[in-house]
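Q: quick one: sequence and predicted model below, then my questions.
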Amino acid sequence: MAYSPLGGSGASLLRDPTLERIGAAHHCSAAAVALAWTIRNGNVIAIPESGSVEHVKENAVALSLTLTPDEIHTLDAAHPPPSR
């Protein structure tokens with residue numbers, strides 16, 4: 001289990017150029033891309049913040065967002081998992 005707010009104080013992930021570029025290509029936010037990338041294989045459960053109706057709608061986009069293999073490769077390369 002991990003905890004990492006996407007938009008919390010000092011968080012820069014939502015301003016990541018890779019996430020922003022892929023989000024622009026899909027007409028959605030960087031947060032939706034990050035969420036779709038995180039939950040894509042079904043082995044991760046994400047509990048995104050939903051403090052407003054707008055935020056819930058933004059998060060819901062991730063459920064129907066299909067990232068291409070190239071986009072997944074690009075995201076994996078830009079944000080490799082930490083080594084143990």
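A: Good, I have the coordinates.

Q: where does this structure dip in pLDDT?
A: Regions of the chain meeting the criterion pLDDT under 70 cover residues 1-11.

Q: can you give me the helices in it?
A: 17-26, 30-39, 53-64, 69-78 (DSSP state H).

Q: winner for burial among the ones you listed?
A: helix 30-39 (a mean of 22; mean count of other C-beta atoms under 10 Å). For glycine as for every other residue, the C-beta is placed from the backbone atoms N, C-alpha and C.

Q: which strands and helices sit next to that helix?
A: In this structure, helix 30-39 packs against helix 17-26, helix 53-64, helix 69-78, with contacts taken as 3 or more C-beta pairs under 8 Å, 6 or more residues apart in numbering; DSSP states H and E.

Q: rebuild those as a markdown table, extending it with distance to Trp37.
A: Shown next, in a markdown table, are these (distance: least, C-beta to C-beta, whole Å):
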| stretch | distance to Trp37 |
| --- | --- |
| helix 17-26 | 8 |
| helix 53-64 | 9 |
| helix 69-78 | 5 |
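
Q: for Arg40, find the nearest of those helices.
A: For those, the distance to Arg40 is smallest for helix 69-78, at 7.0 Å, taking C-beta to C-beta.

Q: need the CA coordinates for the closest one. PDB is fine.
A: This file holds the C-alpha atoms of helix 69-78, laid out as PDB (Å, rounded to 0.1, in the frame of the first residue of the first chain):
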ATOM      1  CA  PRO A  69       1.200   0.700 -25.900                       C
ATOM      2  CA  ASP A  70       3.500   3.600 -26.900                       C
ATOM      3  CA  GLU A  71       2.000   5.800 -24.300                       C
ATOM      4  CA  ILE A  72       2.400   3.200 -21.600                       C
ATOM      5  CA  HIS A  73       6.000   2.600 -22.600                       C
ATOM      6  CA  THR A  74       6.700   6.400 -22.500                       C
ATOM      7  CA  LEU A  75       5.100   6.700 -19.100                       C
ATOM      8  CA  ASP A  76       7.000   3.600 -17.800                       C
ATOM      9  CA  ALA A  77      10.300   5.000 -19.000                       C
ATOM     10  CA  ALA A  78       9.600   8.500 -17.600                       C
END
